[in-house]
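In: Make a model of this:
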Amino acid sequence: MDTLLNMRVFVRVVEAGSFTAASESFNSTTGAMSRAVSDLEAYLRTRLLNRSTRRLSLTTAGERYLERCRYILAEVDAAAEEASGAQERPVGALKMHSFASIGQHYVLPAIAKYRALYPQVTVELTLSQRMPDLFEGNSDVAVVAASSLPDSELVSHLLGSTFSVLCASPAYVSAHGAPNQPCDLARYECLTLNTPAFPINEWLLEGPAGSELMRVNGQVQVNIAESLIVAIREGMGIGILPAYAAVDGLRDGTLVRVLPSHTLQRTNIYAIYPSRRFVDAKIKTWVEFLRSHLPGVIERDQALLAELAGPHL
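Out: All right, here's what the predicted structure looks like:
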């Protein structure tokens with residue numbers, strides 16, 4: 001028995017005043033309407049309607065049940081409208097995950113611009129260095145950096161590519177000099193960045209001579225680029241910074257580029273989410289916004305980095 005359907009029939013019969021009038025609303029028969037109410041009464045083991053050849057009247061139990069039915073059906077209809085509307089209107093909480101550095105430099109500024117367009121969307125952003133499991137349901141969409149993504153059922157969109165550079169503080173370079181070629185790094189204190197994507201103590205430099213793999217050592221290791229910036233500025237050594245994290249320090253002079261003709265750790269930035277079917281409007285519009293907005297921001301940072309590096313890059 002379809003209890004909800006029978007509840008709808010019962011309410012319509014009462015409102016229309018007859019089984020015949022109700023049958024027209026459902027494009028059905030008078031007999032089908034009568035059976036639906038009878039099945040409902042049998043299920044409830046109580047009479048809801050007093051029937052006569054001329055009129056219908058509610059029993060006392062029927063009056064109470066009618067009120068409950070109207071409330072329940074209104075809630076069911078509201079839930080269905082809200083769920084289907086989620087496919088059409090960006091509204092509600094959007095749960096995001098992002099790698100910490102990308103989140104601070106790219107995702108948070110993008111959220112501000114996105115919410116100016118869709119103010120009914122609230123954002124719950126989690127920053128971490130691990131690849132999220134979106135099928136756990138803790139996040140709707142993630143922005144991650146990786147050289148490539150493993151095969152999975154996740155939907156991914158490439159937002160752009162970036163790379164890292166070597167930086168030091170002006171004071172460190174003044175005190176220790178700067179390396180002239182990658183092999184010189186063995187003589188310097190190298191600050192390491194622990195991320196899921198790359199080995200900690202192996203730096204693969206890309207430069208005029210091609211790829212050169214250097215093993216480095218250092219006494220300080222962190223897992224977030226913003227923390228590494230502090231260590232570099234404090235004169236603790238030479239470290240790898242993503243291009244977007246290095247730009248501001250290079251521009252204001254608190255950082256200097258080391259081995260400026262070399263880059264490291266080329267990565268892609270992706271937006272990923274679990275499914276192509278029934279994508280919530282807030283997920284769809286957020287990903288579309290990232291795809292239109294972020295590539296230009298990434299290119300802007302890289303152009304600025306090239307300008308700051310002069311003829312070396």
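In: quick check, F163 in a strand?
Out: Yes: judged by DSSP: H, G, I helix; E, B strand; the rest coil, F163 forms part of a strand.
In: Could you count how many residues lie near it?
Out: 17 (other CB atoms under 10 Å). All C-beta spots, glycine's among them, are computed from the backbone N, C-alpha and C.
In: where does the residue lying closest to S57 once chain neighbours are set aside land on pLDDT?
Out: Leaving aside its sequence neighbours, S57 sits nearest to N50 (CB to CB, 6 or more residues apart in numbering; 4.6 Å). pLDDT for N50: 91.
In: What about N50, how many residues nearby?
Out: 11.
In: So which elements touch the helix or strand where R257 lies?
Out: Using DSSP states H and E, R257 maps to strand 256-258. Packing partners of strand 256-258 (3 or more CB pairs under 8 Å, 6 or more residues apart in numbering; DSSP states H and E): strand 155-168, helix 170-176, helix 243-252.
In: circling back: what's the next secondary structure element after the host helix or strand of the residue nearest to S57?
Out: Using DSSP H and E, N50 sits in strand 49-51. Downstream of strand 49-51, the next assigned helix or strand under DSSP H and E is strand 56-58.
In: Could you list the buried residues of that next one?
Out: Within strand 56-58, the residues scored as buried using 16 or more other CB atoms under 10 Å are L56, L58.
In: Which elements pack onto that strand?
Out: Using 3+ CB pairs under 8 Å, 6+ apart, strand 56-58 is in contact with helix 3-16, strand 49-51.
In: Show residues contacting the longest one.
Out: Translated: helix 3-16. Helix 3-16 is contacted by residues 19, 22, 25-26, 33, 36-37, 39-40, 43, 48-49, 56, 58, 62, 65-66, 69-70, 72-73, 76 when judged by CB atoms under 8 Å, 6 or more residues apart in numbering.
In: ok, 6 Å please
Out: F19, A22, S25, M33, A36, V37, D39, L40, L66, C69 (CB atoms under 6 Å, 6 or more residues apart in numbering).
In: which of the residues in it are buried?
Out: N6, M7, R8, V9, F10, V11, R12, V13, V14, A16.
In: picking up where we left off before, among the helices and strands packed on strand 56-58, which is nearest G239?
Out: helix 3-16 (62.4 Å; CB to CB).
In: Look up which helix or strand S34 falls in, please.
Out: Residue-wise, S34 maps onto helix 30-44 under DSSP H and E.
In: can you state the direction angle for that helix and helix 3-16?
Out: 120 degrees (axes from the mean of the first three to the mean of the last three CA atoms, to 10 degrees).
In: Which secondary structure state is assigned to the residue lying closest to L213 once chain neighbours are set aside?
Out: In space, and not counting its chain neighbours, L213 is closest to L204: 5.2 Å by CB to CB, 6+ apart. At L204 the chain is in strand, as set by three-state DSSP.
In: give me the number of residues near L204?
Out: L204: 15 neighbours (other CB under 10 Å).
In: That one and M236: what is the separation?
Out: From L204 across to M236, the span is 23 Å (CB to CB, to the nearest Å).
In: Confirm that L308 sits in a helix.
Out: Yes: the assignment for L308 (three-state DSSP) places it in a helix.
In: list the helices and strands the helix or strand where S292 lies packs on?
Out: Remark: S292 resides in helix 281-309, with elements defined by DSSP H and E. Helix 281-309 is packed against strand 155-168, helix 243-252, strand 263-273, with contacts defined by 3 or more CB pairs under 6 Å, 6 or more residues apart in numbering; DSSP states H and E.
In: closest to N194 out of the ones you listed?
Out: That would be strand 263-273 among the helices and strands packed on helix 281-309, by CB to CB, at 12.6 Å.
In: and that closest one with helix 281-309, angle?
Out: Relative orientation of strand 263-273 and helix 281-309, computed by the same axes, to 10 degrees: 170 degrees.
In: Pairing partners for strand 263-273, with directions?
Out: Partners of strand 263-273 in the sheet, by DSSP bridges, are strand 141-146 (antiparallel), strand 155-168 (antiparallel), strand 202-207 (antiparallel).
In: any chance you could map the helices in the stretch 51-200 of the chain?
Out: 60-85, 100-102, 108-117, 170-176 (DSSP state H, counting those that start in this stretch).
In: and among those helices, the most buried is which?
Out: Mean neighbours per residue, mean count of other CB atoms under 10 Å, is largest over those for helix 100-102, with a mean of 22.
In: End to end on stretch 237-245, go ahead and measure it.
Out: 17 Å (CA to CA, to the nearest Å).
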